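# Here is a sequence with its predicted model. Questions after.
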Amino acid sequence: MGIVANCLAVRASEGDTLLEQVGAGRTGQTGDWSEAVYAGKTFGSGWYVLVIQGRRFDPDQDLAPLASGREILHLSVDDVVMHSSAVLMKDGKVVWRVTSDADEGYSEEGQPPGGLAEILADLRRQQDEQDPDDPGTDYIFDAPIEAAGLVTGFRGLADTHDPALGEGFELLEPPARPARPGLFASLGQIFGFGRKA
């Protein structure tokens, strides 16, 4: 079974606000992000990262309201369909976006973070060195994860990540229902809470 996960990242000072907006609750329990559906951690970069497993959503439609008046980074990783994407938004507008898709290839929009060009060159080198008769690994898939990591410090969703990067997350209580009606009701459907049986 593959990884289907989203990361939402905001400045550390806005971490509690983000949790309130998505309706996740603090537990005080820590562990590896993979041990819970919702897990959060503040990194030394000054960003709070919320990892949500097993949920899909459209950042163009659903992230803009959360980006109003702030910077927010969204990372989506779905290795079932081999799609990964990272987008940084500020005040509801896209600053940059990096996408790797098995069918559509690699694309960039805006000005991705510094350092990504060197990482991408290395990933492409690894890709080119594979046996053409048995390609096996899509190294470019990790480019959006690396782009998000350059901003937040979290690269824990990459295939080659250091397991220690997943440790020290607070294992959060998933939302039972949306925190507020309207926008957050739709986020509730997106993130899998408040669904009708």
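All right, it came through fine.
# What's the separation between A67 and P112?
17 Å (Cβ to Cβ, to the nearest Å). Any C-beta I mention is one placed from the backbone N, CA and C, and that applies to glycine too.
# Same question for V51.
In terms of Cβ to Cβ, V51 sits 21 Å off from P112.
# now E118
12 Å.
# Counting neighbours, go ahead and name the busier of the two.
Looking at E118 and P112 with other Cβ atoms under 10 Å, you find the greater number of neighbours at P112, namely 23 against 10.
# residue contacts, that one?
For P112, the contacting residues are W96, V98, A147, by Cβ atoms under 8 Å, 6 or more residues apart in numbering.
# Highest neighbour count among those residues?
A147 (30 neighbours).
# where does that one fall, phi/psi-wise?
phi -60, psi -50 (degrees, to the nearest 10).
# Against G153, how distant is R124?
24 Å.
# With neighbour numbers in mind, choose between the two.
G153 (18 against 14).
# pLDDT wise, what is that one at?
As predicted, G153 sits at a pLDDT of 90.
# just checking, it touches W47?
Yes. Assessed by Cβ atoms under 8 Å, G153 is found in contact with W47 at 6.7 Å.
# Now do the SS call for C7.
Following DSSP: H, G, I helix; E, B strand; the rest coil, the label given to C7 is strand.
# Where does pLDDT dip in the chain?
Under the criterion pLDDT under 70, the flagged ranges of the chain are 1, 55-62, 64, 135, 157-166, 177-197.
# any idea which helix is longest in it?
Longest helix in the chain by number of residues, with DSSP state H as the criterion: helix 116-128.
# For the protein, just list every one of the helices.
Assigned by DSSP H, the chain shows helices spanning 15-22, 59-62, 116-128, 143-152, 183-191.
# what angle separates the fourth one from helix 116-128?
Translated: helix 143-152. Helix 143-152 runs at 150 degrees relative to helix 116-128, counting by axes from the mean of the first three to the mean of the last three Cα atoms, to 10 degrees.
# how about stretch 76-88: buried residues?
By 16 or more other Cβ atoms under 10 Å, the buried positions in stretch 76-88 come out as S76, V77, D78, D79, H83, S84, S85, A86, V87, L88.
# hmm, which two among the residues you listed are most spread apart?
D79 and L88 (21.9 Å; Cβ to Cβ).
# what are the bridge partners for L172, then?
Using DSSP bridges, the beta-bridge partners of L172 come out as Y38.
# Let me see the contact set for it.
So L172 contacts L19, A24, G25, R26, T27, A36, Y38, A39, G40, L50 (Cβ under 8 Å, 6+ apart).
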